[in-house]
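**Q** sequence and predicted structure are below.
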Amino acid sequence: MFQYHLRGFLLLLCLRVGFAADITSRTYMDVDSTSGFRTCIRLTNGERQVGCSSRNGGSNGNLHLVNSSADLAWVLTEGPHHPYIPLMTQEYFTRENLLSFNNNSRISGAALILERNSSDFSGSFSTDRKCPNEGFGLYSNNVNCTWNSIGSGLFFEDFNIPIVSLFAGDNLTTILQCLKNFSSSHNGVAPDFPLCAAEIDSFMYAIRDTFTCVTQGNYGPILGGVTRCDPLSGLNTWGTLTARNASDAYEDREIILVVTRMDAKGLFYQLAPGAQSGSSGMIALVGAIEAMGKMSQESTNNAWAKKIVYAVFNGESFDYIGSSRMVYKMTGSRKFPDPTPTGDGYLSSPAIVNLKNVKTIIELGQVGVSNNLFLHYDRDSASSTSLRQMLIKHGNTSSIQFTDGPGVLPPASSQMFLRDDPNISVAFIADHDDEFTNRFYNSYLDDAENLGTDADSSTSTIVVQLTALATTLARTMAEAAGATPSVVQQLEANATYVNEVSVCLTANFSCPILARSFNQSLPTTPTIDRYLGTSSNSNNDWVAHAVQRLIARSIGVFNYSLNTTDTCTASGGDTLNSYLNMRTDPNSTIGSPFCVVAPVYVWTASSPAFDEQGQYRSKRYSTWTESRWNKVSMRVYLTPSPSSQHVPLGVGIVMLLFSLLLGFQIHRVSGTLFAIDTPRNPLRNENSGEST
């Protein structure tokens with residue numbers, strides 16, 4: 001009998017759980033965290049915490065559309081149904097408005113309706129500081145730094161409310177319809193209940209600053225010692241035109257280092273496209289190496305007096321993480337790159353590069369606006385006059401006009417090298433003089449349309465400009481390294497190739513050339529976020545690998561016999577080259593997988609501050625960490641009036657009391673209600689209690 005009661009109980013329980021789940025799905029509309037919204041997260045550095053966090057368990061509020069000053073006044077002072085979550089258009093998503101929401105009992109969160117692309121917004125928007133990477137580099141004490149004059153500094157504020165951004169799509173359409181139907185005020189009259197509301201759950205575990213976050217997470221009792229935050233880290237890409245092993249040391253030979261950056265940042269997690277700030281220079285560098293790759297396959301550059309090393313740094317938006325890592329390893333008793341013992345000692349490892357070998361740096365900054373570019377340099381460091389004259393000469397033959405900058409470097413990776421060795425000649429190429437021309441520096445609007453690469457045309461203005469710059473760069477590198485004039489003049493960047501690369505890196509990551517360069521599926525998102533992230537969740541590692549493989553196709557050796565993932569590997573622990581398995585012959589749309597062997601590598605981009613104990617408040621190296629969190633979610637629902645919420649509560653309390661009273665009364669008379677009649681014993685004498 002018991003088993004039937006148990007089955008009945010479990011059936012009832014399942015029905016109740018299913019009913020509850022059905023009620024939940026009918027009550028709430030979940031906003032998709034992949035295609036529907038992005039959230040502002042919390043980060044820390046050596047001084048403070050920045051970013052956003054909801055309450056533990058989520059923050060709730062009534063949604064209200066803010067696209068006028070009257071709407072803003074409604075949520076801040078006039079509206080009776082607070083707390084509110086303002087849903088703002090880009091025009092009202094400003095530093096002043098967001099700061100007025102912070103520590104305000106009337107506001108429990110905020111949301112931004114994202115513009116579809118940069119061309120839909122005529123203003124400017126940058127959440128970085130006016131002086132990016134302020135406090136680091138050569139000019140750490142410069143109080144007059146305004147390279148990014150439009151910078152609001154929003155990224156560096158600490159908000160105690162969740163802030164999200166909503167993509168155009170079905171979720172946003174439903175939310176706007178909900179607001180129109182239920183939450184629109186008319187002539188200053190508050191709408192009646194029910195109201196459109198939202199719950200945002202983005203609670204962050206990080207606290208105070210990096211020192212506190214790391215040490216308390218590792219050793220403190222809170223959260224049972226669970227890690228609260230992780231250092232920002234990812235991958236750099238670097239290499240040489242021809243392989244050079246450890247037995248052929250550079251010693252006193254000079255190196256020309258050509259660098260740019262790949263990363264960007266923004267207020268919202270995984271929403272930093274970085275087209276102009278983080279891609280324009282990278283496209284020009286890849287185009288220049290492709291031009292030199294064609295030359296190096298015909299005539300070796302081993303005889304050149306100087307050697308060329310190129311690098312694409314990651315984490316530069318966070319106080320120069322990638323470049324400071326390279327300088328750190330090049331100095332002291334450390335080695336760059338890390339030597340790998342093999343069967344022949346270190347002979348199958350790349351040659352060690354010391355900082356003393358680096359005598360010249362050419363750096364590409366933001367180069368996407370026009371053919372009128374600026375050559376920045378540091379007037380207090382080694383003279384770069386001859387280097388700039390070389391760039392000007394080759395620029396003139398490629399329709400590039402160069403003008404000298406003000407004599408101080410913009411935020412640049414070169415500053416990390418000059419800080420340790422001011423005897424390096426540096427030329428920094430950018431499309432701006434003393435202020436950025438990028439209206440959307442380090443923001444979600446720095447997209448392909450902002451750069452102009454969305455056209456996908458080898459004759460578009462931006463592609464023509466970047467191709468001319470790539471040609472100028474290739475010729476300058478070759479001449480500076482010691483190539484003959486005839487070789488230098490043969491170098492010409494390919495506009496079709498530059499266009500392909502620009503589309504891949506800014507508008508369509510699953511483009512044909514990258515699809516052929518990976519022997520695996522690519523991310524399906526149109527663009528890859530450039531936010532650095534951590535070792536466990538860095539999306540922009542894809543960018544580092546993409547640049548590696550694009551360069552490998554230009555300078556590498558194709559081995560068609562190593563046509564599987566298992567065979568496309570280094571033998572005997574060889575790290576002199578990278579062995580990269582690709583899908584098909586680059587000259588054909590069909591064919592078997594093959595192997596490319598090339599001296600181009602990916603290498604850790606992490607701050608030296610985390611290599612040494614006690615450097616969590618360092619002013620020399622980046623100390624940025626990213627908070628951990630349990631989940632990020634957003635759901636929309638209709639909230640009833642307070643009185644209608646009180647009625648079910650009151651009825652529930654009455655029913656509870658009635659149930660308790662009924663149970664008590666039943667217990668009192670349970671002996672009568674549940675009495676069991678005992679059968680008489682015919683052999684027992686009822687009067688005497690004796691048996692007959």
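**A** Sure thing, it's come through. Numbering: from 1, shown residues only.

**Q** return the residues in contact with the closest residue to residue 310 other than its chain neighbours.
**A** Among residues not flanking residue 310 along the chain, residue 258 sits closest, at 4.7 Å (C-beta to C-beta, 6 or more residues apart in numbering). No exception for glycine: its C-beta is placed from N, CA and C like everyone else's. Contacts for residue 258 (C-beta atoms under 8 Å, 6 or more residues apart in numbering) come out as 285, 288, 308-311, 361-364, 473, 477.

**Q** would a markdown table of those residues with secondary structure and distance to residue 510 be doable?
**A** Shown next, in a markdown table, are the contacts of residue 258 (DSSP: H, G, I helix; E, B strand; the rest coil; distance: C-beta to C-beta, whole Å):
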| residue | secondary structure | distance to residue 510 |
| --- | --- | --- |
| 285 | helix | 22 |
| 288 | helix | 25 |
| 308 | strand | 31 |
| 309 | strand | 30 |
| 310 | strand | 25 |
| 311 | strand | 26 |
| 361 | strand | 34 |
| 362 | strand | 31 |
| 363 | strand | 30 |
| 364 | strand | 25 |
| 473 | helix | 28 |
| 477 | helix | 31 |
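
**Q** my read is residue 63 is in a helix, agree?
**A** No - going by DSSP: H, G, I helix; E, B strand; the rest coil, the assignment for residue 63 is strand, not a helix.

**Q** what sits against the closest residue to it other than its chain neighbours?
**A** Using C-beta to C-beta, 6+ apart and skipping the chain neighbours, the partner closest in space to residue 63 is residue 196 (4.8 Å). Counting by C-beta under 8 Å, 6+ apart, residue 196 touches 62-63, 175, 178-179, 181-183, 636, 638-639.

**Q** is residue 196 part of a helix or strand, or is it coil?
**A** Following three-state DSSP, residue 196 is assigned to strand.

**Q** direction included, what does the helix or strand that contains the residue nearest to residue 310 pair up with?
**A** Per DSSP states H and E: residue 258 is located in strand 255-261. With DSSP bridges as the test, strand 255-261 is paired with strand 307-313 (parallel), strand 358-364 (parallel).

**Q** can I get those in TSV with mean neighbour count and distance to residue 189?
**A** Output for the strands paired with strand 255-261, formatted as TSV (neighbours: other C-beta atoms under 10 Å; distance: least, C-beta to C-beta, whole Å):
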stretch	mean neighbour count	distance to residue 189
strand 307-313	24	56
strand 358-364	24	57
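
**Q** which of these sits closest to residue 652?
**A** Evaluated with C-beta to C-beta, these place strand 307-313 nearest to residue 652, the distance being 60.6 Å.

**Q** the closest one: what's the following helix or strand?
**A** That would be, after strand 307-313 and using DSSP H and E, helix 321-330.

**Q** chain center to that following helix: distance?
**A** 20 Å (C-alpha atoms, centre = their mean, to the nearest Å).

**Q** run the angle between it and strand 307-313 for me.
**A** Angle, helix 321-330 to strand 307-313, by axes from the mean of the first three to the mean of the last three C-alpha atoms, to 10 degrees: 140 degrees.

**Q** residues in contact with helix 321-330?
**A** Against helix 321-330 from outside (C-beta under 8 Å, 6+ apart): 232-234, 236, 238, 259, 261, 263, 311, 313-316, 334-338, 353-355, 358, 413-414, 416-417, 419-420, 532, 604-608, 611, 621-622, 624.

**Q** write the PyMOL selection for whichever of those residues are buried.
**A** In PyMOL, a selection of the buried entries from the contacts of helix 321-330 looks like this (16 or more other C-beta atoms under 10 Å):
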select buried, resi 232+233+234+236+238+259+261+263+311+313+314+315+316+336+337+353+354+355+358+413+414+416+417+419+532+604+605+606+607+608+621+622+624
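
**Q** give me the subset of the contacts of helix 321-330 lying in helices.
**A** Using DSSP state H, the members of those that fall in helices are 414, 416-417, 419-420.

**Q** any regions of the stretch 251-400 of the chain where pLDDT drops low?
**A** 296-302, 340-348 (pLDDT under 70).

**Q** could you find the closest non-adjacent residue to residue 440?
**A** In space, residue 440 is closest to residue 446, 4.3 Å off (C-beta to C-beta, 6+ apart).

**Q** what sits against that neighbour?
**A** 118, 264, 272-278, 438, 440.

**Q** what distance do you get for it to residue 238?
**A** Going from residue 446 to residue 238 by C-beta to C-beta, to the nearest Å gives 24 Å.

**Q** stretch 373-391: end-to-end distance?
**A** End-to-end distance for stretch 373-391: 11 Å, by C-alpha to C-alpha, to the nearest Å.

**Q** repeat for stretch 594-612
**A** End-to-end for stretch 594-612, by C-alpha to C-alpha: 42 Å.

**Q** what about it, average pLDDT?
**A** Here stretch 594-612 scores 93 as its mean pLDDT.

**Q** do the same with stretch 230-249
**A** Mean predicted confidence for stretch 230-249 is 88.

**Q** ok, stretch 35-44 next?
**A** 96.

**Q** next, the distance between the ends of it.
**A** 27 Å.

**Q** with that, I have no additional questions.
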